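K.L.:
Here is the input, now give the coordinates:
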Amino acid sequence: MHVALVYDRLNKIGGAEQILIALHELYPSADWYTSFWNPSTAPFSKDWQVHSFKYLRSHHEWFPWAMPFIFESFDLRDYDLVISIGSAESKGVITGPSTLHLNYCLTPTRYLYSHKDEYLSNPLYKWIAGFLRKWDLVTATRPDKMIAISTQVKNRIKKYYNRDADIIFPPVDTTKFKPSGRLPEGKYFLVVSRLVPYKKIDVLVKAANLAKVNLIIIGEGSEYSKLKSLAGPTVTLLGHIDDKELASYYQNSLAYLQANEEDFGISMCESLASGRPVIAYDAGGARDIVIPGVNGTLLPSNSVSSFAKALKEFDTMSYVAADCINSATRFDREKWKQSIQERITSLWTTKT
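P.N.:
Reported below is the predicted structural model:
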């Protein structure tokens with residue numbers, strides 16, 4: 001099959017980018033189409049066959065008005081299979097009548113729908129969003145099939161696009177994080193995340209300060225300086241580290257912390273694969289991942305006091321590493337590849 005893979009923008013490393021890497025493994029000769037491509041900030045893609053708007057590399061937030069024109073300009077008529085991945089404009093590509101277009105939806109665009117009040121404080125952006133919302137609703141009809149990454153996303157697709165979607169949880173490289181022997185006793189809680197406002201890392205920093213427990217934060221982003229200034233003596237920000245170090249930090253932690261409402265939450269799965277439980281706000285993807293009393297705890301509130309109380313009481317809780325590891329096998333990368341391939345084969349058979 002002649003395959004094209006489309007993503008909103010290839011200019012960062014995060015949980016969603018693990019999906020791209022798994023798709024590249026499935027279709028190593030596929031062409032990639034995107035708006036922004038920066039191989040220096042997305043090094044995993046430097047050897048891919050990428051088609052992009054060559055003058056755009058960063059500050060995608062300045063160009064929302066240009067995205068419809070960019071994605072509709074790509075000529076995808078000669079492809080047998082197009083897989084669009086993203087939460088924004090990638091599904092807006094125009095394909096030929098015989099092309100199978102599968103959309104792997106990370107979530108309907110946050111700033112247009114579910115979180116618009118948080119994002120659209122600028123009057124100019126509100127005006128632009130009105131135009132983009134109309135275009136987005138049209139583009140949501142273009143894929144032959146939409147697949148959601150979680151129950152939360154499936155419900156949003158139904159609410160905003162009035163489309164039914166199947167769920168295939170994102171791929172997790174569980175073997176990379178699975179411990180090789182007995183887990184050592186950790187003395188710190190862990191967060192692995194992009195440091196941006198909606199992740200609510202500040203809640204976890206304040207909770208660790210209040211509970212006087214050790215917290216290690218791994219990741220980079222616009223909130224780094226703010227979080228550094230909030231951090232008390234028990235909180236450490238490490239920035240970016242390599243994969244080998246990352247696995248070790250997961251395996252040696254007490255538990256992983258998740259304060260915001262994630263669309264899914266691959267880092268929570270990586271913690272479980274490492275044999276460590278998750279303490280998460282009871283919302284979004286955490287409900288698909290955390291089994292209370294088995295591999296973690298779901299908190300009814302994501303307030304500072306709620307997390308501080310859970311951190312103080314963690315010593316009274318008991319989790320078995322094997323239960324955490326077993327619960328992570330649901331999200332194994334090889335199972336994901338099999339599920340995606342089976343779905344494509346079924347859809348292709350129906351279409352042809």
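
K.L.:
Low-confidence regions, this structure specifically.
P.N.:
Residue ranges of the chain with pLDDT under 70: 55-61, 118-124, 181-185.

K.L.:
quick one, what contacts Leu230?
P.N.:
202, 205-206, 209 (C-beta atoms under 8 Å, 6 or more residues apart in numbering). (Glycine included, C-beta is placed from N, CA and C.)

K.L.:
Compare those and tell me which has the most neighbours.
P.N.:
Neighbours here mean other C-beta atoms under 10 Å. Within these, the largest count is held by Val205, at 26 neighbours.

K.L.:
So the residue nearest to that residue when sequence neighbours are not counted versus Leu204, what's the distance?
P.N.:
Spatial nearest neighbour of Val205, excluding adjacent residues (C-beta to C-beta, 6 or more residues apart in numbering): Leu230 at 4.8 Å. Distance of Leu230 to Leu204, given as C-beta to C-beta, to the nearest Å: 10 Å.

K.L.:
go on, His240?
P.N.:
Distance, His240 to Leu204, by C-beta to C-beta: 18 Å.

K.L.:
Which one's more surrounded, those two?
P.N.:
Neighbour totals were compared for His240 and Leu204, and Leu204 leads with 28 against 10 (other C-beta under 10 Å).

K.L.:
Report all helices and strands that whatever helix or strand that one lives in contacts.
P.N.:
Following DSSP states H and E, the helix or strand that holds Leu204 is helix 201-211. Packed against helix 201-211 by the contact rule (3 or more C-beta pairs under 8 Å, 6 or more residues apart in numbering; DSSP states H and E) you find strand 189-192, strand 215-218, helix 224-230, strand 235-239, helix 304-312.

K.L.:
Let me know the angle separating that helix from helix 304-312.
P.N.:
Calculated by axes from the mean of the first three to the mean of the last three C-alpha atoms, to 10 degrees, helix 201-211 forms an angle of 60 degrees with helix 304-312.

K.L.:
Tell me the buried residues in the helix ranked longest in the chain?
P.N.:
Assignment by DSSP state H gives helix 333-351 as the longest helix of the chain. For helix 333-351, a neighbour-count test (16 or more other C-beta atoms under 10 Å) marks 333, 335-336, 339-340, 343-344, 347 as buried.

K.L.:
One more: stretch 313-324?
P.N.:
Of the residues in stretch 313-324, those buried (16+ other C-beta under 10 Å) are 314, 319, 321, 323-324.

K.L.:
measure it end to end?
P.N.:
19 Å (C-alpha to C-alpha, to the nearest Å).

K.L.:
Distance to Asp47 for the buried residues of stretch 313-324 - can I get that in JSON lines?
P.N.:
Shown next, in JSON lines, are these (distance: C-beta to C-beta, whole Å):
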{"residue": "Phe314", "distance to Asp47": "43"}
{"residue": "Tyr319", "distance to Asp47": "40"}
{"residue": "Ala321", "distance to Asp47": "37"}
{"residue": "Asp323", "distance to Asp47": "39"}
{"residue": "Cys324", "distance to Asp47": "35"}
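
K.L.:
now for these, which pair is the farthest apart?
P.N.:
Spatially, the most separated pair among those is Phe314 and Asp323, at 16.4 Å (C-beta to C-beta).

K.L.:
what does the helix holding Leu204 rub up against?
P.N.:
By C-beta under 8 Å, 6+ apart, helix 201-211 touches 189, 191, 193, 195, 214-215, 217, 223, 226-227, 230-232, 234-235, 257, 259, 302-309, 311-312.

K.L.:
chain center to that helix, what's the gap?
P.N.:
Distance, stretch centre to chain centre, for helix 201-211: 23 Å (C-alpha atoms, centre = their mean, to the nearest Å).

K.L.:
Enumerate every residue touching Gly14.
P.N.:
Listed by C-beta under 8 Å, 6+ apart, the contact partners of Gly14 are Arg194.

K.L.:
any idea how far Glu25 is from it?
P.N.:
Using C-beta to C-beta, Gly14 is found at 18 Å from Glu25.

K.L.:
domain ranges for this structure?
P.N.:
Residue ranges for the domains of the chain, per automatic domain parsing: 3-171+332-351, 174-331.

K.L.:
tally of neighbours for Val50?
P.N.:
Residues lying near Val50 (other C-beta under 10 Å) number 18.

K.L.:
pretty sure it is in a strand, no?
P.N.:
Yes. Counting by DSSP: H, G, I helix; E, B strand; the rest coil, Val50 falls inside a strand.
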